[in-house]
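Trainee: model this:
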Amino acid sequence: MKRPLSILFMGTSEFAAPILQSLSGHYQLIAVVTQPDRPRGRGRGLAMSKVKECALELNIPVLQPERVRDPAFVDEIRGLKPCLIVVAAYGQILPGDLLEVPEMGCINVHASLLPKYRGAAPINWAIARGECKTGVTTMLMDAGMDTGPTLLSRAVPIELEDTATSLQGKLAEAGAEIIVETIEGLEQGNVQPIPQDPREATYAPPLKKEDGRIDWGQPARVLHRRIRALTPWPGTFTHLGGRILKIFSAEVDETPQNQNPGCIVDVGQEGIRVATGEGYLILKEIQLEGKKRLPVREFVLGHAVEPGMMLGFSGIRDQGPASA
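Mentor: Predicted coordinates:
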């Protein structure tokens, strides 16, 4: 039987949908707030968020304000009289007058082990910066950016081949479990807020398209992490013959080498081997601007890619190692 605790849920991304699903199985949700439908895909047709899809399937009323700071929207939430607001990857900063509405406060489900990776893209930056683990944390929201006191947390290992997509799925599953445990603990008095230590805080800023530009002077292992971290958005890219070359997957070979970074040293069905600042990055799945996304074994059959060509430049042949 669902517990008589009126909860308002706010979320948008795929990370948030399993958390909403979990809450709906234990509590009565009075409404779901998510971002407005946005143009998506080649046809630019309006598409709803994963959270809205989930809410409609669960027959929960959906609200989609353009600006969560709009006084009329805040008044609408006051009229709903939620005991608790749960937020997960909503996409807008909540104003102070909204945070004050529910008597039990607002709980955020954040995809990191706070105070590490406060901010908009914690999953991506945890992978990109080489963390061995991350996790989810529930926290009482305040006016700061992920600065409120923490409630519960759960660690999740980052596997060698995890992408932002695969890790998001694991964290969403953990978040779906921990939010119920958090609310139960607050109701029973078994969970107490713990202030964060700001000295331990790190940050995960929003991603930009330029974050996906490959710097071939970096070590292969660093580039491999960035490719995984920026999948599916904004994606990683370089240039081949003056055209954008997107990189979707790759492998690392840390064999020492002295070729110029960005130089293609081998082309074959198993991959395109590229020299980096340390070791080689072996491209496995790529897409040339204006063409289809292809595994390398198919790509090399229809494109003139040869050893000695340079990525990130004009595509001309390498002239040998640079002088010291």
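Trainee: residue contacts, the closest residue to Ser153 other than its chain neighbours?
Mentor: What sits nearest to Ser153 in space, not counting adjacent residues and going by Cβ to Cβ, 6 or more residues apart in numbering, is Thr137, at 4.3 Å. Any C-beta I mention is one placed from the backbone N, CA and C, and that applies to glycine too. Shown in contact with Thr137 (Cβ atoms under 8 Å, 6 or more residues apart in numbering): 109-110, 112-114, 150-153.
Trainee: again, only using 10 Å
Mentor: 108-117, 122, 146, 150-155, 175, 178, 182, 196 (Cβ atoms under 10 Å, 6 or more residues apart in numbering).
Trainee: name the element it belongs to?
Mentor: Applying DSSP states H and E as the criterion places Thr137 in strand 133-140.
Trainee: quick one: strands adjacent to that strand?
Mentor: strand 106-110 (antiparallel), strand 150-157 (antiparallel) (DSSP bridges).
Trainee: same list (those) but as JSON lines, adding mean pLDDT.
Mentor: Below are the strands paired with strand 133-140 laid out as JSON lines (pLDDT from 0 to 100):
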{"stretch": "strand 106-110", "mean pLDDT": "98"}
{"stretch": "strand 150-157", "mean pLDDT": "98"}
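Trainee: winner for burial among those strands?
Mentor: strand 106-110 (a mean of 25; mean count of other Cβ atoms under 10 Å).
Trainee: for that one, C-alpha coordinates in PDB please.
Mentor: This file holds the C-alpha atoms of strand 106-110, laid out as PDB (Å, rounded to 0.1, in the frame of the first residue of the first chain):
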ATOM      1  CA  CYS A 106      13.400  19.400  -1.000                       C
ATOM      2  CA  ILE A 107      15.500  16.400  -1.500                       C
ATOM      3  CA  ASN A 108      17.900  16.200  -4.500                       C
ATOM      4  CA  VAL A 109      19.200  12.900  -5.900                       C
ATOM      5  CA  HIS A 110      22.600  13.900  -7.200                       C
END
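Trainee: can you tell me how far Gly191 is from Thr138?
Mentor: Just to correct that, residue 191 is Val rather than Gly. 9 Å (Cβ to Cβ, to the nearest Å).
Trainee: between the two, which is the more surrounded one?
Mentor: Taking neighbours as other Cβ atoms under 10 Å, Val191 and Thr138 compare with Thr138 leading, 26 against 17.
Trainee: would it be right to say that Leu223 lies in a strand?
Mentor: No - Leu223: not assigned to a strand; according to DSSP: H, G, I helix; E, B strand; the rest coil it is helix.
Trainee: my guess is it contacts Leu281. True?
Mentor: Yes - assessed by Cβ atoms under 10 Å, Leu223 is found in contact with Leu281 at 5.3 Å.
Trainee: who touches both of the two?
Mentor: 214, 216, 247, 250, 252, 261, 274.
Trainee: mind listing what the first one touches?
Mentor: I take that to be Ile214. 223, 226-227, 236-239, 245, 247, 250, 261-262, 274, 276, 281, 311-312.
Trainee: just Ile30 next, same as before
Mentor: 6-9, 60-61, 77, 80-83.
Trainee: report the beta-bridge partners for Cys263.
Mentor: Met310.
Trainee: now swap in Leu84 and tell me
Mentor: Ile7.
Trainee: quick one: it from Ala304, how far?
Mentor: For Leu84, the distance to Ala304 - Cβ to Cβ - is 60 Å.
Trainee: quick one: which of those two has more around it?
Mentor: For Leu84 versus Ala304, the count of surrounding residues by other Cβ under 10 Å is larger for Leu84: 21 against 10.
Trainee: which of Leu223 and Leu281 has more neighbours?
Mentor: With neighbours defined as other Cβ under 10 Å, Leu223 and Leu281 compare such that Leu281 has more, 29 against 26.
Trainee: tell me the pLDDT of the more buried one.
Mentor: You'll see Leu281 listed with a pLDDT of 98.
Trainee: for it, helix, strand, or coil?
Mentor: strand.
Trainee: let me know whether it touches Asp266 as I believe.
Mentor: No - in terms of Cβ under 10 Å, Leu281 does not count as a neighbour of Asp266; the distance is 11.7 Å.
Trainee: mutual contacts of the two, please.
Mentor: Joint contacts of Leu281 and Asp266 (Cβ under 10 Å, 6+ apart) are 272-275.
Trainee: highest neighbour count among the residues you listed?
Mentor: Counting by other Cβ under 10 Å, top hit in the shared contacts of Leu281 and Asp266: Val274 with 29 neighbours.
Trainee: where do the strands sit along the stretch 101-250 of the chain?
Mentor: Applying DSSP state E, counting those that start in this stretch to the stretch 101-250 of the chain gives strands spanning 106-110, 118-119, 133-140, 150-157, 203-204, 236-240, 243-253.
Trainee: got the contact list for the residue lying closest to Gly11 once chain neighbours are set aside?
Mentor: Using Cβ to Cβ, 6+ apart and skipping residues adjacent in sequence, the residue nearest Gly11 is Ala88, 4.2 Å away. Ala88 sits next to 9-13, 15-20, 23, 51, 107-111, 136, 138, 172, 175-176, 179 when contact means Cβ under 10 Å, 6+ apart.
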